[in-house]
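Colleague: What follows is a predicted protein model with its sequence.
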Amino acid sequence: MTHEQALVGSMDPRYAPVRVGDTVRRSAGSSRAAVRELLLHLQSVGFDGAPRYLGTDEQGREILTWIDGEVPLSPYPAWAMTDRALADLGGLVRRLHEATATFRATSADWSPQWADPRRGPVICHNDLYPENVVFRDGRVVALIDFAMAAPGRPLWDVAIAAEVWGPLGDPDRRDQHPVDLDGIARFGMLARAYGLEPERAEELVDVLIEERAQSVANIRAEITGGNESWIRAWADVGGDDRAAADDAWIARHRAALIRSARG
Ligand SMILES: Nc1ncnc2c1ncn2[C@@H]1O[C@H](COP(=O)(O)OP(=O)(O)OP(=O)(O)O)[C@@H](O)[C@H]1O
Ligand SMILES: [Mg+2]
């Protein structure tokens, strides 16, 4: 029997993917037809920054290609948080959005969880954490974990990436990133790498605020619904206090963020 290696990084151990040789198997329970179609579309248009979908195995699990490289876990190492990596990420997310603008899914079973409630013209990844980005030699080469992908406005993904990679939030509470990162400057670097038109800088900040509110509301709903992983994770980081402190920091630096994104 082929060796199966458990993969770390999962919020929900029930659906943790495993590695088998040069493939990844994802449990049928977390599999979505729309995501499979998306991966096939990305392959068909030559987008190389995502795993390819190869079919299902005898257990009904999705088979994806393994992408060689390093995936940073929290606390994020300095090599994953360089300005160059941030610029790579902005470019890759832009290419993803361009590659999905021509995509017409026949399935619509997208995860609603982190999706843009207004929907939109591209497919957003919606989970642009470093844990879902593959690096090689310090360069970003691919996005993985499209489980949360869904139609959205492009700025929705840029906002998520900015928040997590800036990082944006109260620096006194920063515990997952190198302390010397200048979140405001990096907000602008990401916006430029993505190719954001300068006149949309303020809109990006507004979408960031909207996305944060939506994300906290989702987490609270998960907690109210009894999701043990979220109950623990939110308590561990003091989620309510932290979200309030980060919101206040973003509000205080609104003008600087807009200036930075305008370039
Ligand atoms: N195709 C792939 N190529 C390389 N590494 C992968 C691939 N798929 C998964 N991994 C590794 O396994 C880890 C967990 O996989 P992934 O992010 O897809 O699952 P997950 O976070 O458990 O999923 P979910 O968010 O749906 O619970 C990743 O952080 C990465 O290190
Ligand atoms: Mg993941």
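Modeller: Received it, and whenever you're ready, just let me know what you need. The structure presented is a predicted model; accordingly, all values stated were derived computationally and were not measured. Numbers count the residues shown, from 1 in each chain. Ligands and ions are numbered 1, 2, ... in the order given.

Colleague: what packs against the longest helix anywhere in the chain?
Modeller: With DSSP state H applied, the helix covering the greatest number of residues in the chain is identified as helix 201-224. The contact analysis (3 or more Cβ pairs under 8 Å, 6 or more residues apart in numbering; DSSP states H and E) places helix 201-224 against helix 154-165, helix 228-236, helix 239-252, helix 254-262. In short, each C-beta sits where N, CA and C put it, glycine included.

Colleague: which outside residues touch it?
Modeller: Contact with helix 201-224 is made by 113-114, 116-117, 153, 155-156, 158-160, 162-163, 168, 191, 196, 230-231, 234, 239, 243, 246-247, 250, 254, 257-263, as judged by Cβ atoms under 8 Å, 6 or more residues apart in numbering.

Colleague: Mind checking the pLDDT average for it?
Modeller: Across helix 201-224, pLDDT averages out at 97.

Colleague: check whether it contacts ligand 1.
Modeller: No - using Cβ under 6 Å from any ligand atom, we find that helix 201-224 stays clear of ligand 1, coming within 13.0 Å at best.

Colleague: quick one on the thing from earlier: okay, the helices and strands packed on helix 201-224 in TSV with mean neighbour count next?
Modeller: Shown next, in TSV, are the helices and strands packed on helix 201-224 (neighbours: other Cβ atoms under 10 Å):
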stretch	mean neighbour count
helix 154-165	26
helix 228-236	14
helix 239-252	15
helix 254-262	18
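
Colleague: Give me the pLDDT for the residue nearest in space to the middle of the chain.
Modeller: Taking Cα atoms, centre = their mean, the centroid of the chain lies closest to residue 128, which sits 1.4 Å from it. Looking at residue 128, its pLDDT is 98.

Colleague: Also residue 1?
Modeller: At residue 1, the pLDDT value in this model is 54.

Colleague: try residue 116
Modeller: In this model, residue 116 carries a pLDDT of 98.

Colleague: Who are the contact partners of it?
Modeller: Contacts of residue 116 by Cβ under 8 Å, 6+ apart are 124, 126, 150, 151, 152, 153, 156, 211.

Colleague: how much space is there between the first one and residue 163?
Modeller: What that stands for is residue 124. Computed as Cβ to Cβ, to the nearest Å, the residue 124 to residue 163 distance reads 14 Å.

Colleague: And for the fourth one?
Modeller: In this structure, residue 151 and residue 163 are 20 Å apart, going by Cβ to Cβ.

Colleague: interface residues of the stretch 51-200 of the chain facing ligand 1?
Modeller: So the stretch 51-200 of the chain meets ligand 1 at 51, 64, 66, 67, 71, 131, 132, 134, 144, 145, 147 (Cβ under 6 Å from any ligand atom).
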